[in-house]
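Enquirer: Sequence below, structure please.
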Amino acid sequence: MAVTLVNPNGLPQVDVYHQVSVATGSKLIHLAGQVAWDADGKTIGEGDLSAQVEQSYLNVATALAGVGASFADLVKLTVYVVDWTPDRMPELLDGIARASAKLGITPAAPVSLFGIVALHVPEHLVEVEATAILD
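Expert: Numbering: from 1, shown residues only. Purely as a prediction, here's the structure:
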């Protein structure tokens, strides 16, 4: 396995991700930020953060599969949410849980979450960037 996930002593243990990933592969994969578009470029879940998070994570999985990778190969995720406030965390976690159930995975790579003012089109509420590595 090219990625080892670690929660070092002295750092908080978070349920939905690990604090550190150690990558040892030789092919680094950078995904463009994935949004809630279907294959035809139609926005899924307009106005619904959970639905958009779900679609964005499904799109990350599709992009990874397109190059022979999976969520197990993720080194880092970065999530950008429009008009983020902490009270929206349940919506975010619901979308991740729905995508995880569909994909049969438990995303655990380190993740950073940023609240932002806007994305490239007003109907998009979330964008997910990913970095992965393969042997």
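
Enquirer: ok, residue 117 to residue 81 distance?
Expert: According to C-beta to C-beta, to the nearest Å, residue 117 stands 11 Å off from residue 81. From N, CA and C alone the C-beta is placed, and that goes for glycine too.

Enquirer: more neighbours, the two?
Expert: Shown here are residue 117 and residue 81; by other C-beta atoms under 10 Å, residue 81 has more neighbours (22 against 7).

Enquirer: Could you verify that the more buried one is part of a strand?
Expert: Yes. With DSSP: H, G, I helix; E, B strand; the rest coil as the criterion, residue 81 is part of a strand.

Enquirer: mind listing what it touches?
Expert: By C-beta atoms under 8 Å, 6 or more residues apart in numbering, the contact set of residue 81 is 49, 88, 92, 113, 114, 115, 116, 125, 126.

Enquirer: Spatially nearest residue to the second one, not counting backbone neighbours?
Expert: Put plainly, it is residue 88. Leaving aside its sequence neighbours, residue 88 sits nearest to residue 49 (C-beta to C-beta, 6 or more residues apart in numbering; 6.2 Å).

Enquirer: State the distance from that neighbour to residue 58.
Expert: When residue 49 is compared with residue 58 (using C-beta to C-beta), they lie 15 Å apart.

Enquirer: go on, residue 128?
Expert: From residue 128 across to residue 58, the span is 10 Å (C-beta to C-beta).

Enquirer: okay, those two: which has more neighbours?
Expert: Legend: neighbour count by other C-beta under 10 Å for residue 128 and residue 58, higher for residue 128 (26 against 19).

Enquirer: so the more buried one makes contact with residue 57?
Expert: Yes. Contact status for residue 128 versus residue 57: in contact at 6.4 Å, counting by C-beta atoms under 8 Å.

Enquirer: List the residues that are in contact with both of those two.
Expert: The contact lists of residue 128 and residue 57 share residue 34, where a contact means C-beta under 8 Å, 6+ apart.
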